[in-house]
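In: Pasted the sequence and its predicted model underneath.
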Amino acid sequence: MKRDAFLLPRGIYLDGNSLGPLSYAARAAIERRMNQWQVYGVNAWEEWFTLAERLSPALAKLIGAHPDEVITTGGITSNLHALLATFYKPQGTRRHLLATSLDFPSDLYALQAWAERMDAELRLIPSRDGFTLDHDDIVESLTEEIALAWLPTVLYSSGQLLDVATITAWAKQRGIVIGWDAAHSIGALPHELHADEVDFAVWCSYKYLCAGPGAPGGLFIHRRHHHLKPGLPGWWGHEKKTQFAMRSAFTKAAGAPAYQISTPSILALAGLEGALAIFEEIGIDQVRARSLELTEYLIANIDEKLPECSVRTPRAAGERGGHVALEHPEADRLSQALRERDIVPDFRPPSVVRLAPVALYNTEDELDRTVEVLRQLLDAGDYRREQTTRLVT
Ligand SMILES: Cc1ncc(COP(=O)(O)O)c(C=O)c1O
């Protein structure tokens with residue numbers, strides 16, 4: 001779709017759901033900001049001061065929001081802490097936090113710490129099969145004892161896409177504040193966070209957005225909450241006009257930008273600045289349509305040629321994100337053997353190889369080759385021997 005826009009690593013790159021590859025646009029934007037640093041030094045801050053805010057219109061389109069509802073800042077975990085500090089207000093018997101048993105561990109570390117701080121529990125929605133969540137279990141867990149629920153839009157291991165609109169509506173009906181981790185959906189599929197009345201959300205930009213390793217993440221705060229005071233204020237969330245008046249009292253910026261805390265990394269923001277131009281050109285609906293084509297193609301190929309592997313990603317288009325989870329007891333070794341052949345997937349314990357055929361740059365030919373190599377590995381049992389060598393050397 002936009003393969004020529006990227007400087008792809010050698011071989012077949014199927015790990016864009018972990019770290020998106022470098023694009024020419026991101027590299028050019030980083031070089032441009034670096035040159036400004038070289039030529040203008042501190043004076044370049046005049047140009048950089050509102051750079052994060054200037055990225056908001058493009059981001060807002062990806063997440064289904066008004067520009068003032070989003071800001072690029074922080075990381076998923078630090079933003080989650082900041083938003084819990086704002087939104088988590090246990091009262092009486094409505095005091096517990098709810099997340100899922102399949103959440104990314106860092107989110108659970110943050111939530112657990114807040115539950116302990118508030119003398120409350122972190123309750124986890126169970127999974128029946130260890131890979132996916134059932135909507136009945138989610139609805140049952142949204143009880144009147146829950147103050148705040150935190151869910152992933154797409155599960156990081158299996159790639160299951162949850163129904164954000166319906167689950168958010170259930171939470172609202174029960175008076176529960178709800179936030180979403182959109183790490184595995186931003187840049188892969190469209191969102192409607194404003195229309196769905198999501199309270200808040202966070203994401204990173206180093207995966208499908210291809211902004212670069214450790215690039216700043218982002219957050220969404222629905223307009224109806226813009227009157228709130230950020231729970232973890234910092235000078236970068238101060239009203240811009242008077243930020244450098246150096247007053248001791250905090251006057252918050254309007255909207256989501258108030259949730260910035262510290263000075264942003266301009267070089268890291270530049271990576272996102274460049275990468276967003278690609279999404280502006282193509283549009284997220286087209287990205288999603290192509291992504292679904294590729295994941296469907298890959299799933300059919302696995303079903304046909306790799307019967308000893310199970311696809312753990314839901315097959316319904318409306319229930320899957322941008323990657324495919326292939327389960328095999330030797331997933332770690334298979335993943336390693338693929339990497340040794342310049343095919344880059346990743347492994348998630350205990351038994352999942354994740355393959356992300358990304359709309360912007362992957363092709364059907366690459367998926368054919370990947371499945372062919374997996375078939376050869378399984379037939380020859382080679383991957384086992386290679387693992388032994390790797391452990392010994
Ligand atoms: C679903 C999910 N949540 C949270 C994180 C942690 O992100 P960060 O390092 O930006 O805090 C990741 C990282 O990959 C993730 O995939």
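Out: Sure thing, it's come through. Numbers count the residues shown, from 1 in each chain.

In: Which secondary structure element of the chain has the lowest mean pLDDT?
Out: The weakest-scoring helix or strand in the chain, judged by mean pLDDT, DSSP states H and E, is helix 382-392 (a mean of 54).

In: The residue nearest the centre of the chain: what's it in contact with?
Out: The centre of the chain sits closest to A183, judged by Cα atoms, centre = their mean, with a distance of 1.0 Å. When contacts are counted by Cβ atoms under 8 Å, 6 or more residues apart in numbering, A183 touches I76, F104, P152, V154, Y156, V202, W203, C204, K207. Every residue, glycine included, has its C-beta placed from N, CA and C.

In: and if you look at A201?
Out: Shown in contact with A201 (Cβ under 8 Å, 6+ apart): I63, T153, G179, W180, D181, A182, L193, L219, F220.

In: So which of these reach the ligand?
Out: Contacts with the ligand within those, counted by Cβ under 6 Å from any ligand atom: D181.

In: Among the contacts of A201, which ones are in strands?
Out: Members of the contacts of A201 lying in strands (criterion: DSSP state E): G179, W180, D181, L219, F220.

In: which SSE is the residue nearest to L51 when sequence neighbours are not counted in?
Out: Spatial nearest neighbour of L51, excluding adjacent residues (Cβ to Cβ, 6 or more residues apart in numbering): L269 at 5.3 Å. If you go by DSSP states H and E, L269 is part of helix 266-282.

In: So which residues make contact with that helix?
Out: Helix 266-282 is contacted by residues 1-2, 5, 20, 23, 25-30, 32-34, 37, 44, 48, 51-52, 55, 58-59, 61-62, 72, 187, 205, 209-212, 214-216, 287, 360 when judged by Cβ under 8 Å, 6+ apart.

In: Buried subset of the residues you listed, written for PyMOL?
Out: In PyMOL syntax, the buried subset of those is picked out as below (16 or more other Cβ atoms under 10 Å):
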select buried, resi 1+2+5+20+23+25+26+29+30+33+44+48+51+52+55+58+59+61+62+72+187+205+209+210+211+212+215+216+287+360
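
In: Cross the contacts of helix 266-282 against helices and list the overlap.
Out: Secondary structure from DSSP state H places 25-30, 32-34, 37, 48, 51-52, 58-59, 61-62, 287 of the contacts of helix 266-282 in helices.

In: What parts of the stretch 51-200 of the chain come near the ligand?
Out: G75, I76, T77, F104, S106, D107, P152, Y156, D181, A183, H184.

In: that older thread, closest to the ligand out of the contacts of A201?
Out: Relative to the ligand, the closest of these is D181; by Cβ to the nearest ligand atom it sits at 5.0 Å.

In: and the gap between whichever residue of the stretch 251-393 of the chain sits closest to the ligand and A331?
Out: Using Cβ to the nearest ligand atom, the single residue of the stretch 251-393 of the chain nearest to the ligand is R348, 9.9 Å away. Going from R348 to A331 by Cβ to Cβ, to the nearest Å gives 8 Å.

In: if you count what's nearby, which of those two comes out ahead?
Out: A331 (22 against 16; other Cβ atoms under 10 Å).

In: Identify the residues contacting the more buried one.
Out: Neighbours of A331 in contact, by Cβ under 8 Å, 6+ apart: F347, P350, S351, V352, V353.

In: ok, now with 10 Å
Out: For A331, the contact set (Cβ atoms under 10 Å, 6 or more residues apart in numbering) comprises C309, A325, P345, D346, F347, R348, P349, P350, S351, V352, V353, R354.

In: Kindly report the same for V371.
Out: Applying Cβ under 10 Å, 6+ apart, we find V371 in contact with Y297, L298, A300, N301, I302, E304, K305, L306, C309, L326, L355.

In: Now a PyMOL select for only the buried ones of those residues.
Out: The PyMOL command for the buried members of the contacts of V371 (criterion: 16+ other Cβ under 10 Å) is given here:
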select buried, resi 297+298+301+302+306+309+326+355
